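Enquirer: the following comprises the amino acid sequence and a computationally predicted model.
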Amino acid sequence: MSATLDTGSMKVTRWVIHEIPKVIRDRADVRPKLSEIVSPYDTEVARFFERKISESLTKSKHEIQSADDERPVPILIAGKLIDPDDALLDASTSLAGELVASKGVVYGLVGLVGVS
């Protein structure tokens, strides 16, 4: 069963951004620029992320699944997003590493935001 997400009440409280360069596959000399800290809070940046997330979810054809015993992934994700800053940093760094290691072509900015 899908849930309705009230994006109007969502507040972005922290974020981590990593830069993944566009490269020719299998170039060992090119590495992502990974953030080492959670970005400092800035109201304007927080509103930007809230607006972009809301727009994306509004346009998306994907459904947001309710968290329950049969679907533990939403609970795990929510836990990472509301944990202390170091958990957000660790989760975002792992995500960026997985994207770089994937066989697909991924480049640009990769971010993970914490919300309340």
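Expert: Perfect, thanks for sending it.

Enquirer: elements contacting the helix or strand containing A87?
Expert: If you go by DSSP states H and E, A87 is part of helix 85-101. In this structure, helix 85-101 packs against strand 12-20, helix 73-82, strand 108-115, with contacts taken as 3 or more CB pairs under 8 Å, 6 or more residues apart in numbering; DSSP states H and E. Every residue, glycine included, has its C-beta placed from N, CA and C.

Enquirer: pick out the shakiest of the ones you listed, pLDDT-wise.
Expert: For the helices and strands packed on helix 85-101, the bottom mean pLDDT is recorded on helix 73-82, which sits at a mean of 64.

Enquirer: follow-up on the earlier one: what mean pLDDT does the helix holding A87 get?
Expert: Helix 85-101 shows a mean pLDDT of 77 in the predicted model.

Enquirer: for that helix, C-alpha coordinates in PDB please.
Expert: What follows is helix 85-101, C-alpha atoms only, in PDB (Å, rounded to 0.1, in the frame of the first residue of the first chain):
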ATOM      1  CA  ASP A  85      25.500  13.800  11.400                       C
ATOM      2  CA  ASP A  86      28.100  11.100  11.300                       C
ATOM      3  CA  ALA A  87      25.600   8.500  10.200                       C
ATOM      4  CA  LEU A  88      24.400  10.800   7.300                       C
ATOM      5  CA  LEU A  89      28.000  11.400   6.300                       C
ATOM      6  CA  ASP A  90      28.800   7.600   6.300                       C
ATOM      7  CA  ALA A  91      25.600   6.800   4.400                       C
ATOM      8  CA  SER A  92      26.200   9.400   1.700                       C
ATOM      9  CA  THR A  93      29.800   8.400   1.300                       C
ATOM     10  CA  SER A  94      28.800   4.800   0.900                       C
ATOM     11  CA  LEU A  95      26.100   5.800  -1.600                       C
ATOM     12  CA  ALA A  96      28.600   7.800  -3.700                       C
ATOM     13  CA  GLY A  97      31.100   4.900  -3.600                       C
ATOM     14  CA  GLU A  98      28.500   2.500  -4.900                       C
ATOM     15  CA  LEU A  99      27.500   4.800  -7.700                       C
ATOM     16  CA  VAL A 100      31.100   5.200  -8.800                       C
ATOM     17  CA  ALA A 101      31.600   1.500  -8.700                       C
END
